[in-house]
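> Give me the fold of what follows.
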Amino acid sequence: MDGNQEIDNYPNVRDLKMLDLIYTTRSVSKAAEFMGQTQPTVSSWLKRIREQLKDPLFVRTSGGMSPTPRAEIVVNKAREILEAMHQITEGVPRFDASTSTRVFRMCVPDAAQITLLPAMLEYIRSAAPHLQLEALPVDKQTPYLLESGEADLAFGGFVPGIEAGFYEQTLFEQDFVCLVSNVHPRIRDQLTLDDFQREAHVAVGYGSANTVIETELKRQKIERRVMASLQGVLGVSRIVSSTDMITTLPGQIAVTLARSGSVRLFPCPVTMPVIVVKQYWHSRFHRDPGNQWLRSVCTRQARSSLEPTPFARESSAHT
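Numbering: from 1, shown residues only. The predicted model follows:
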């Protein structure tokens, strides 16, 4: 009898889900929202488990509800139990893209809105017409969004904070190239290092690309005269085409912007590292059929639809 009473006092499936959500979101109120409960209700459940386990489990800090060492152990075990129960009760899960109404969320840099996403959406419109795809920014919140399930996938060459617990897949490599106006008064058939140092530049805060450029220039003791700085890439083509300024960008977005016909591409005269573009997802959703389908679409479109940069072979010798 005493043994049965002890078992009855163990956390149940609902409690395990709650602990997982608090651990993931670092918030009791967000966990309550995900569970469709009020915050006082979830707080009372957490209080009961704290008393049973004789540990606070989560303590309030500036970063939210931070887990104690005991909570780390408990949540890891809870996830194993929940995964096992999911496999038992659900059997082999399925995902039918042709009928699904699921909303997928991808963390992508601004440039992907005119490179990768059009190709993905063209395919999704025919293969999965009822799906929705929502683009989120790539920033320091990206790992948290992937872990919590608020984002399904991240794409890019510069995704901060990706550490243990995440999967990654290399999709392609790209080099840095320079954009110059077709009617530039001084630059004609080639862009030399002297040109690069003499001309005014537009610096673009594309993910961490500009940081990479600045770091490499500093390491090589090469000066770049920056006259304008932009937070995104969408206006840079117009600025370059209508002025005598030049810019340095990752190859894929540069190729896309050059389609306007008003700007030209040149190999960057400064040795720059190759950018490895990957997709990232959290291990919690590695076997999720919907996530697997989305990853396959991203892989297919990134490798088949995006144009290679014209100087890839030439620039690869620089790395």
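
> Can you point out the buried residues in the helix or strand hosting residue 123?
Taking DSSP states H and E as the criterion, the element that holds residue 123 is helix 116-127. Neighbour counts using 16 or more other Cβ atoms under 10 Å place 116, 117, 119, 120, 124 of helix 116-127 among the buried residues. Backbone N, C-alpha and C define where each C-beta goes, glycine included.

> Kindly present the residues you listed as JSON lines, with separate columns for distance to residue 97.
Below are those laid out as JSON lines (distance: Cβ to Cβ, whole Å):
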{"residue": "116", "distance to residue 97": "18"}
{"residue": "117", "distance to residue 97": "17"}
{"residue": "119", "distance to residue 97": "16"}
{"residue": "120", "distance to residue 97": "13"}
{"residue": "124", "distance to residue 97": "8"}
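
> From those, pick the one nearest residue 225.
residue 116 (32.0 Å; Cβ to Cβ).

> State the distance from the closest one to residue 38.
40 Å (Cβ to Cβ, to the nearest Å).

> can you check residue 271 too?
For residue 271 relative to residue 38 (Cβ to Cβ), the value is 59 Å.

> go on, residue 215?
49 Å.

> ok, now which ones touch residue 257?
179, 233, 236, 237, 249, 263 (Cβ atoms under 8 Å, 6 or more residues apart in numbering).

> Give the rounded mean pLDDT of stretch 50-64.
The average pLDDT for stretch 50-64 rounds to 90.

> can you pull out the strands in the stretch 1-150 of the chain?
Using DSSP state E, counting those that start in this stretch, the strands of the stretch 1-150 of the chain run over residues 58-61, 64-67, 103-107, 132-136.

> Could you list the domains of the chain?
As given by automatic domain parsing, the domain ranges for the chain are 2-90, 103-173+275-316, 176-267.

> Off-centre distance for the longest one?
For domain 103-173+275-316, the distance from its own C-alpha centre to the chain's C-alpha centre is 7 Å (Cα atoms, centre = their mean, to the nearest Å).

> In this structure residue 26 contacts residue 71, no?
No: at 11.3 Å, residue 26 and residue 71 do not qualify as touching, with contact defined as Cβ atoms under 8 Å.

> Between those two, which is the more surrounded one?
Using other Cβ atoms under 10 Å, the more surrounded residue of residue 26 and residue 71 is residue 71, with 23 against 19.
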